[in-house]
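Engineer: the sequence and its predicted three-dimensional model are supplied below.
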Amino acid sequence: MDLQQTIAPVMEALRVVYDQATSSEARQAAQSYLLQVQCSDLAWDLGWMCLKQLDQIPIQYFGAQSIQIKVSRDFAKVPVDQYDAIRTALLDGVLWTCQAHAARSVMKKLCFAVVTFALHTAPTHWQRMVPSLLELFQQRYAQSPVDVQLALLHALLELLRGLPEEFGRASSLSASHRTQLQQELVDAIPAVLAFLCDLLDHAATEIQIAALQTLASWIQFGIPITNLVPILNKAIVLARNDATFEAALAVLGDVVSHSSNARFEDTLCNGLVPFMVELAPVVAEAVANDDEDKADTLARFVTSLTETFPTWIVKHLDQPQVARVLLPMLLEIIAFPGFPGAEQDVSEIPFHTFFMIQETLSDPDQIAADLGVTGADGTVRPAMSTNSSTDSLVILDQDDDEDDLPPLVQLPPAIEAAAHALFTDLVARIVHKVEWADDAVWAAWSKDRRERWAQFRRAAADTLLVAYYVLRHRMLEWVLQELLTTSPANWKRVEALLFCIRSISEAAPKDGPGAQLVARVLAPDFFAAGANLPLRVRQTLLYIMGGYAEWFHANPAQLAFAVQILTNGLRDKFTLTSAARSLRELCDACRADLVPHLPVLFTAYQEMKAVLPVVERQKVIEALAMVIQQLPSHQIMEPLGAVLEDILVGIQRDLGDSGSEGHDRLLAQFNLLTACVKGIQASEWDLPVQVSESASSAAKLGDQPSFVQLRSLLLQIFAEVARTHPTDLELIPVVANLMELGIKSATLPLVFAPADWVPVFHVLVQSGAVVTTASILEALGTLVTHAPDPLDATVRALVTTVLGNMLQYLVANDGAASRESPDLVDAYLSLTSLVLRYHAIVLTADTAQFTSIVQYAIQCLQLRERPSLKAAAHFLSDFILHSAAEPLHAVVFPSLLAALLHAILVHAPRTIVPNLAEVMYRVITRAPQTARDSLQALLLGPQAVACARLNETDRKAALRVLVGTRQMRRFKDYVRELHVKAQGLDVV
């Protein structure tokens, strides 16, 4: 490709790209051609040729971009003896753009090329990089007219800004080069800081802004905070200027966020808070004018200080400039016009500040450590010195109903009053901002805007909970008063107040005076006719019923109200989804408490079950089963049978229907059955009943003939599914999951003996279903885990058969199934691990089969799928640690080490290497001499594992470290490094 012949097509392609009248196909073709040119050997010379095309900005930009791409992508190809010439050409190019008044975008591209070149060559091949840049530009500056001087300053500031920024992103640099380059930049800080400090006084506003932006980059890089004192005052002065306002605030924010700021808390706060107070009218103006950009800048600047120094803020809460100006500014920002998320993103910014203040208010250790005062009796009684009070801080005894809440600390009266006023105002602002839009506005929002509105409400809920931690009963009193004085017709306000109650559900007091306040809030008179309330209000009420499930458990007298709201919600097609979810949450927490209300719940279910969608019906069935489970054993079957009757009849009917509709109905019925079985299990707070080992022991637990019939019917259904739908990848996993629930069940009427499951598993094996999905092996693993030791003879025979048959299937055809079905490999090896862990005799009784399984696990180390490799590593680790497996260790350790080393060096994914390293470590510690001999041959012998990136020195070092490291953590770290080097992952 000739250079002269290329320039014309390039110019034509650029014309096509920038001509909006051309077709998208033509522009795409032109872009592909230009990209091809930029990747060619001619790109360097072509770039300079394009750069000199005056008054042709697209062509000049393409030239600068070509040069930058060449430097970035092909630097490794550049001979060292050409470094000086390339550096000179790049700098001359930047200077030329300044002299020729080229477009700023062209200049920036060339500056980026210089920065990239500098990061690769300094300091070894470009000594005194930053000082030489300053000297070069200052020399040219002195020789140039004013307009060129401004361009030179812009270019130099662009270079100085790019160096620390790109250094932070340059992950491809070696560790030693990075250290040297970092030191080069650190040494340049005084010169850069002096230069920038002078430019902050420059007459041209654009230079001041550029200098501030460059200063921000160097502060983030790591200018010592003690060097920033002169900058701080100049930045404050510039922040008072509308033109430099935003850039100056960014610099001040970076100073506040400096890593060494803790030592200068008082200096920074005392210096910046008065300036922030000056910004109060600016905040008010931005809010009044709906200026989101300015409000965003102000919010982020103020919160940078309040979130960095919350202890200082708390100590000075009683000072007017903090309590009446600084923090109210953030409240004003929360109240910014428009719906947060959907129409603006400013209101949420201050939320984290109030979390930090609450954390400080609730942390007696932090306050005590800050004040350092101890009472005469040795108890913590910290004192706070403020302008208005020297009262002591005393840690209060907590109420029994608030054991899980942050501790209460008795604050000085002025600070306590300021905190309560602040957080009460915060609650009021948030309640106002979470009010819903009108239906017409909501309907006009896109899906994305609706989701962002929902995200804001979630963040608002978290902040309301934070406020409750400070206000406690005062917040409940405020909400109650607002509810009682708000007309039900003002449904948006009512819903927002209920949303506030919903947000504090996890912390609401469950007894004492606080619980009485909650009871008054949850059942005002106008909620009695819940069905007549607007939809949004009904939805929020339903969510409250679920969120306050634990509270209702502690206050069962209020359950009638919850049941009324939930049953009304189930009968409403617009709220049944929310009602079903909340009913499940309520029934889970209040199982025994809801037994008297079971007829009401059951009646609502019977009325609505025909129209309930499957998912919602599942939740309702599970909820009912949770309550039924609390009935005496002789009363369970009547309501349980009423729930199950339609389901079991439907399953038996649809098992014979081979059509798609019948299949879908069958799948839905099994999901309903699963929900019922899940619900009938005892809750995690109840004492579990022991798993029965036989029908006689089940009888001792209160078993009844009706229970036996139910279990027998379920087992027959499972076996029938296995016979009629063995390859159904939707149905079989659902049935297998249902079987797992039954196996783990420890409550009547679903207490199965382990042997009860053997016929079902035999059908699953004989029908071939076991090889279609991993879920069956997982269910068998659950049986192995829960069955008592020693295993029942029939269960043991089943496990032995499945292990043998599955092994034959997985290794057949040169392991085709193992490669194609990593989930089966994972399930099989997980099953063998469980058998080894809980019933090792099943494996050790047949040495030949046990050996074959271990050899198969070793072969699985050559697979590339993560689940297979991870399962193999877990099984092999169990195998090494289990005493029953010791007779096989000497036989398999050499081949195991060979497979492990090959996987680590050649093909294993990076995330699996720690698992493989752990197995190797265990082998070496169990059999050090065998491991040393094997690794010697594998790393240095004639048949060593092939790896081109490891030379003989690397291999000797690997042998020495692998056999000599005695700490697993260090061993894993080294194996990870060896893997990275062997697979070339350290080359970027």
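Structural biologist: In hand now; what should we look at? Keep in mind the model is a prediction, meaning the values are calculated, not measured. Residues are numbered from 1 along each chain as shown.

Engineer: could you pull out the strands in this protein for me?
Structural biologist: Listed in chain order, the strands of the chain (DSSP state E) span residues 394-395, 409-410.

Engineer: now residue 510: how far from residue 650?
Structural biologist: In this structure, residue 510 lies at 41 Å from residue 650, with Cβ to Cβ, to the nearest Å as the measure. (Each C-beta comes from the backbone N, C-alpha and C, glycine too.)

Engineer: likewise for residue 405?
Structural biologist: As judged by Cβ to Cβ, residue 405 and residue 650 stand 48 Å apart.

Engineer: the closest residue to residue 654 other than its chain neighbours: neighbour count?
Structural biologist: By the measure of Cβ to Cβ, 6 or more residues apart in numbering, the closest residue to residue 654 outside its immediate chain neighbours is residue 666, 4.0 Å from it. Look at residue 666: counted by other Cβ atoms under 10 Å, it has 25 neighbours.

Engineer: then residue 551?
Structural biologist: The burial metric for residue 551, expressed as a neighbour count using other Cβ under 10 Å, is 24.

Engineer: tell me the pLDDT at it?
Structural biologist: pLDDT, residue 551: 94.

Engineer: wouldn't it be in contact with residue 510 here?
Structural biologist: Yes. With contact taken as Cβ atoms under 8 Å, residue 551 and residue 510 are classed as touching, separated by 5.4 Å.

Engineer: rewinding a little: what pLDDT does the residue nearest to residue 654 get?
Structural biologist: Note on residue 666: pLDDT of 92.

Engineer: for it, give its distance to residue 728.
Structural biologist: Spatial separation of residue 666 from residue 728 under the definition Cβ to Cβ is 9 Å.

Engineer: now swap in residue 36 and tell me
Structural biologist: Taking Cβ to Cβ as the measure, residue 36 falls 52 Å from residue 728.

Engineer: and the two? Which one has more around it.
Structural biologist: Shown here are residue 36 and residue 728; by other Cβ under 10 Å, residue 728 has more neighbours (19 against 12).

Engineer: count the neighbours of the nearest residue to that one once chain neighbours are set aside for me.
Structural biologist: Across the structure, with Cβ to Cβ, 6+ apart as the measure, the residue nearest residue 728 apart from its sequence neighbours is residue 663 (7.6 Å). Other residues lying near residue 663 total 16 when counted by other Cβ under 10 Å.

Engineer: what's the separation between residue 663 and residue 927?
Structural biologist: Between residue 663 and residue 927 the computed distance is 54 Å (Cβ to Cβ).

Engineer: what does residue 608 give?
Structural biologist: Plainly put, residue 608 is 66 Å away from residue 927 if you go by Cβ to Cβ.

Engineer: cool, residue 465 as well?
Structural biologist: 56 Å.

Engineer: likewise residue 522?
Structural biologist: Counting by Cβ to Cβ, the separation of residue 522 from residue 927 is 67 Å.

Engineer: out of the two, which sits in the more crowded spot?
Structural biologist: When residue 522 and residue 927 are compared for neighbours, residue 522 comes out ahead with 22 against 18, by other Cβ under 10 Å.

Engineer: who's in contact with that one?
Structural biologist: Shown in contact with residue 522 (Cβ atoms under 8 Å, 6 or more residues apart in numbering): 501, 544, 548, 558, 561.

Engineer: the residue nearest to residue 728 contacts residue 734, doesn't it?
Structural biologist: No. Residue 663 sits out of contact with residue 734 when judged by Cβ under 8 Å, with a separation of 11.8 Å.

Engineer: max-length helix in the protein?
Structural biologist: With residue count as the measure and DSSP state H as the assignment, the chain has helix 793-820 as its longest helix.

Engineer: just the mean pLDDT for that one, thanks.
Structural biologist: Averaged across helix 793-820, the pLDDT comes to 91.

Engineer: output the contacting helices and strands for it.
Structural biologist: Taking 3 or more Cβ pairs under 8 Å, 6 or more residues apart in numbering; DSSP states H and E as contact, the helices and strands that helix 793-820 lies on are helix 758-766, helix 775-786, helix 822-838, helix 841-844, helix 847-860.

Engineer: show me how far the second one is from its chain's centre.
Structural biologist: For helix 775-786, the separation from the chain centroid amounts to 31 Å (computed by Cα atoms, centre = their mean, to the nearest Å).

Engineer: which other helices and strands contact that helix?
Structural biologist: helix 731-744, helix 758-766, helix 793-820, helix 822-838.

Engineer: which of the residues in that helix are buried?
Structural biologist: By neighbour count with 16 or more other Cβ atoms under 10 Å, helix 775-786 contains the buried residues 775, 776, 777, 778, 779, 780, 781, 782, 783, 784, 786.

Engineer: before we move on, what about the last one?
Structural biologist: Residues of helix 847-860 classed as buried by neighbour count (16+ other Cβ under 10 Å): 849, 850, 852, 853, 854, 855, 856, 857, 858, 859, 860.

Engineer: export those to CSV and tack on distance to residue 532 and pLDDT?
Structural biologist: Compiled in CSV, these are given as follows (distance: Cβ to Cβ, whole Å; pLDDT from 0 to 100):
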residue, distance to residue 532, pLDDT
849, 70, 92
850, 70, 92
852, 71, 93
853, 67, 93
854, 70, 93
855, 72, 94
856, 67, 93
857, 65, 93
858, 70, 93
859, 69, 92
860, 64, 92
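
Engineer: nearest to residue 831, out of those: which one, please.
Structural biologist: Residue 831 lies nearest to residue 853 out of the buried residues of helix 847-860, by Cβ to Cβ, at 10.2 Å.

Engineer: which residue is the nearest non-sequential neighbour of the closest one?
Structural biologist: Taking Cβ to Cβ, 6+ apart, and ignoring the residues beside it in sequence, residue 853 has residue 832 as its nearest neighbour in space, at 5.7 Å.

Engineer: quick one, what contacts that neighbour?
Structural biologist: Taking Cβ under 8 Å, 6+ apart as the criterion, residue 832 is in contact with 803, 843, 853, 857, 875.

Engineer: now the second one: closest residue in space, sequence neighbours ignored.
Structural biologist: When the adjacent residues along the chain are set aside, residue 843 lies closest to residue 850, with 4.5 Å between them (Cβ to Cβ, 6+ apart).

Engineer: ok, the one you found - contacts?
Structural biologist: Contact criterion Cβ under 8 Å, 6+ apart gives 843, 844, 885, 888 as the residues in contact with residue 850.

Engineer: how about 10 Å then?
Structural biologist: Contacts of residue 850 were listed using Cβ atoms under 10 Å, 6 or more residues apart in numbering, and they are 803, 832, 835-836, 840, 842-844, 879, 884-885, 887-888.
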